[in-house]
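>>> task: produce atomic coordinates for the following.
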Amino acid sequence: NSLLGTEYALSPLATFVIASVILWGIVYFQTRGIREVGIVNAIVTIAKLFPLALVVIFSLFVFDPSIFAVDNWKTILASSGDQMTYASLSAQINGALGVILWCFTGMEASSVMTEKAKSAKVVGIATVSSIIVTLVIYIGISMLAMGVLSPVELANSTTPLADVLSQTAIGPFGAVIVKV
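The predicted model follows:
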């Protein structure tokens, strides 16, 4: 919907139907065999990582430490300057769990294919490796975005990575790449 703009935005029902068709299409390929799954997974992985790699690479050149540095980050909300109340450790963990869960969605797919793999050890190594790579990418993108866009811009953005990439040498075309 962010690619289409507000005047051409799809309804939530249409978005749900299109996403469901895509997801069930992937499930169909996964049930056909290991070779087809590998091809589909490779294509999807490249399609997901390409824009993220662009964000990381190009953001390094426009990263501004003065934007990244926030005065008194413990008690002042950077995006609005509002005074924050102290949140307990359990409240902070609960607040972060949804994001963490979303970031690692799909990791369970590797364990599903264990029975078809040559070695369960390889699947274990692949799963742990993918979690580490995902974590590094997530932390890198989060930190770089906070050094390219101000806290207010990030808080008000509906497509923050598109906005980050549009601030780089790629310009507005970068935003389109991320949105696709």
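
>>> switch to C-alpha atoms for all contacts and neighbour counts from now on
Noted.

>>> just the helices from the chain, written as ranges.
With helices called from DSSP state H, the chain shows them at 12-32, 34-62, 65-68, 89-103, 108-112, 120-148, 151-156, 160-166, 172-179.

>>> dump the ones you listed to CSV, plus mean pLDDT and mean neighbour count.
Listed next are the helices of the chain as CSV, based on pLDDT from 0 to 100; neighbours: other Cα atoms under 10 Å:
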stretch, mean pLDDT, mean neighbour count
helix 12-32, 83, 12
helix 34-62, 83, 15
helix 65-68, 85, 13
helix 89-103, 68, 11
helix 108-112, 65, 12
helix 120-148, 84, 16
helix 151-156, 81, 15
helix 160-166, 85, 25
helix 172-179, 73, 18
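
>>> torsion angles phi and psi at the residue of the chain most remote from its centre?
Distance to the chain centre peaks in the chain at Lys118, reaching 30.6 Å (criterion: Cα atoms, centre = their mean). Dihedral pair for Lys118: phi -70, psi -30, per degrees, to the nearest 10.

>>> need the pLDDT of it.
Confidence at Lys118, expressed as pLDDT, is 77.

>>> what's the spacing between it and Val27?
Relative to Val27, Lys118 is positioned 22 Å away (Cα to Cα, to the nearest Å).

>>> likewise Ser119?
23 Å.

>>> now Gly140
31 Å.

>>> what of Met143?
Applying Cα to Cα to Met143 and Val27 gives a distance of 34 Å.

>>> so who does Met143 touch?
Phe68 (Cα atoms under 8 Å, 6 or more residues apart in numbering).

>>> now do 10 Å
Neighbouring residues of Met143 by Cα atoms under 10 Å, 6 or more residues apart in numbering: Val56, Ser59, Phe63, Phe68, Ile137.

>>> go through the residues you listed and name the one nearest Val164.
Within these, the smallest distance to Val164 is 7.3 Å, found for Ser59 (Cα to Cα).

>>> now do the same contact list for that closest one.
Residues in contact with Ser59 (Cα under 10 Å, 6+ apart) are 53, 140-141, 143-145, 147-148, 164-169.
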